[in-house]
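Visitor: Sequence first, then the predicted structure, then my questions.
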Amino acid sequence: MGYVAEILLKVAFFRVTGCLASQAVDLKVIKAHASWTKTNFHDVSGLADLLIEERRLQNRAFDPVFAGQLKAYTLAVASHWRETLRYRQTLAEEAELVEVFQSVDWLLANANLLWS
């Protein structure tokens, strides 16, 4: 589910920056962005911050309530998921699973708002 959140946020960022769905993306665009301070391109919370900032720079800022929800849901995913977990065998608590699934469900339900 963490990868779903990551890809939705990357798709949103690249669509907001004008990249067409048929174009190849270059992650260097993220790295070069003035607001990107992370070293890991899988950082869900950082990607949400990047999207929020890019929309603000384009005078297309999210409604503050929506931005707050986006941040809260991506922080919930980030608190339980890292791409490095694929190399470990770990068991998640049911409450963790519920929180991540609800958060990603919110992202999916609001995907069009992320890039429209």
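Guide: Great, that's in hand.
Visitor: For the helix or strand of the chain with the lowest mean pLDDT, buried residues please.
Guide: Taking mean pLDDT, DSSP states H and E as the measure, the chain has helix 28-32 as its least confident helix or strand, at a mean of 85. For helix 28-32, burial by neighbour count (16 or more other CB atoms under 10 Å) applies to residue 30. For every residue, glycine as well, the C-beta is placed using N, CA and C.
Visitor: Packing partners of it?
Guide: In terms of contacts (3 or more CB pairs under 8 Å, 6 or more residues apart in numbering; DSSP states H and E), helix 28-32 is packed against helix 2-16.
Visitor: and if we set it to 6 Å?
Guide: Applying 3 or more CB pairs under 6 Å, 6 or more residues apart in numbering; DSSP states H and E, we find helix 28-32 packed against no helix or strand.
Visitor: Compute the inter-axis angle for the helix or strand just after it and helix 2-16.
Guide: Once helix 28-32 ends, the next helix or strand along the chain (criterion: DSSP states H and E) is helix 44-57. Following axes from the mean of the first three to the mean of the last three CA atoms, to 10 degrees, one obtains 20 degrees for the angle between helix 44-57 and helix 2-16.
Visitor: Residues contacting helix 44-57, please?
Guide: 5-6, 9, 12-13, 16, 35-36, 38, 61-62, 67, 70-71, 74-75, 77-78 (CB atoms under 6 Å, 6 or more residues apart in numbering).
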